[in-house]
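Student: Structure for the following, please:
(one chain, ligands or ions: 1)
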Amino acid sequence: MKFNPKARLDTSQVRRRGGQRTSSGSPLPGGMGGGGFPMPGGAGGGIGSIILVIVIGLIATQCTGASNIPGLPGGDSDVSSAPDNASLEACLTGDDANNSQFCAIVGTVNSVQAYWVDALPDQTGQEYRQAQMQEFTGGTTTECGEASSAMGPFYCPADEYVYLELGFFDAMLEGQLGAEGGPFAEAYVVAHEYGHHVQNILGDLSNAQSGGSGPESGSVRVELQADCYAGLWANHATTVEDENGVVFISELTEADIQLAIDAASAVGDDRIQERTQGQVNKESWTHGSAEQRIRWFMTGYEKGDLASCDTFATATL
Ligand SMILES: [Zn+2]
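Tutor: Okay, here's the model as predicted:
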């Protein structure tokens, strides 16, 4: 993936670390154990909740399941030292995005949202509304409760923010989960979370709340649809333009798509269960298997239209 060096990035869509959201209230009492993040299994999490957390965007859908990732330090020491330190103000152009992990995230957020601004009204008649990304280190307060550095990225429907700790990519996706990583793998993660925002706009996100778990559950259908939406964006990624008509992303190769597939596979419920439990328990799936996640990402990528992502209507999930 290469950004067009001349593309102009819109930093207003992203907030970085120390920048606490102004609309948030005081920290919820009880820290990780209280507030809006009901945690199955309690603060330490059972193995079930641990598995939930590592998966991309789990919290995304319901604001539940927050916990610490096993094997990562409870604090923010190792995790926070990993990401680059580019300031938001330094992310001005596609050239900056080509040279900084953080600026690449800004460019990806810009591209994903610019895609939906056109695609959503075109295909559904619904207007798209922007959702900011809050990148944080250590912890931050959200309308869905406290977010910690050890959590994977998630979308909070209550405040319509995507929350991301950049250390996730180094420590988890490319570390414990064993994905190859790379800019387009990270772009897939970002696009997946914005897929949840689109679901929220369309009123589909609530399907996860009563969805339970298991390979054909509402939760899995919501997650696979977000993967499909990420694929939709990938299909159009090299044609999405900034406000001056310059494409954000000038090059996307087959190798890039493979990196997204690799990441989607690494966060499959079965892969994570094998890795953490040594066995697979389909009934506790909330995001879908590696095979399902790859297939729905590719469905969006190959078909390129929203209608192909109806994971709620299909008999073959
Ligand atoms: Zn998700």
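Student: OK, contacts around the nearest residue to residue 216 once chain neighbours are set aside?
Tutor: Spatial nearest neighbour of residue 216, excluding adjacent residues (CB to CB, 6 or more residues apart in numbering): residue 317 at 5.3 Å. Glycine gets a C-beta too; all of them are placed from N, C-alpha and C. Residues in contact with residue 317 (CB atoms under 8 Å, 6 or more residues apart in numbering) are 215-216, 220-221, 224, 288, 292, 311.
Student: And residue 3, by the same measure?
Tutor: Contacts of residue 3 (CB under 8 Å, 6+ apart): 94-95, 97-98, 104, 107, 248-250.
Student: Could I have the ChimeraX command that selects the buried members from those residues?
Tutor: Remark: buried members of the contacts of residue 3, expressed as a ChimeraX selection using 16 or more other CB atoms under 10 Å:
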select :94,97,98,104,107,248,249,250
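Student: Next step: the contacts of residue 3 restricted to strands.
Tutor: Counting by DSSP state E, the contacts of residue 3 place 249-250 in strands.
Student: With residue 219 as the reference, measure out to the most centrally placed residue in the chain.
Tutor: In the chain, the residue lying closest to the centroid (CA atoms, centre = their mean) is residue 193, at 3.3 Å. From residue 193 over to residue 219 the distance is 16 Å, taken as CB to CB, to the nearest Å.
Student: repeat for residue 13
Tutor: Taken as CB to CB, the span from residue 13 to residue 219 is 28 Å.
Student: And those two? Which one has more around it.
Tutor: For residue 13 versus residue 219, neighbours defined as other CB atoms under 10 Å are more numerous around residue 219 (24 against 17).
Student: The more buried one contacts residue 212, correct?
Tutor: Yes. Contact criterion CB atoms under 8 Å: residue 219 and residue 212 qualify, at 6.6 Å.
Student: rewinding a little: now render the contacts of residue 3 as JSON lines, adding pLDDT and distance to the ion.
Tutor: Listed next are those as JSON lines, based on pLDDT from 0 to 100; distance: CB to the ion, whole Å:
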{"residue": "94", "pLDDT": "98", "distance to the ion": "27"}
{"residue": "95", "pLDDT": "97", "distance to the ion": "31"}
{"residue": "97", "pLDDT": "97", "distance to the ion": "24"}
{"residue": "98", "pLDDT": "97", "distance to the ion": "27"}
{"residue": "104", "pLDDT": "97", "distance to the ion": "20"}
{"residue": "107", "pLDDT": "98", "distance to the ion": "21"}
{"residue": "248", "pLDDT": "98", "distance to the ion": "23"}
{"residue": "249", "pLDDT": "98", "distance to the ion": "22"}
{"residue": "250", "pLDDT": "98", "distance to the ion": "28"}
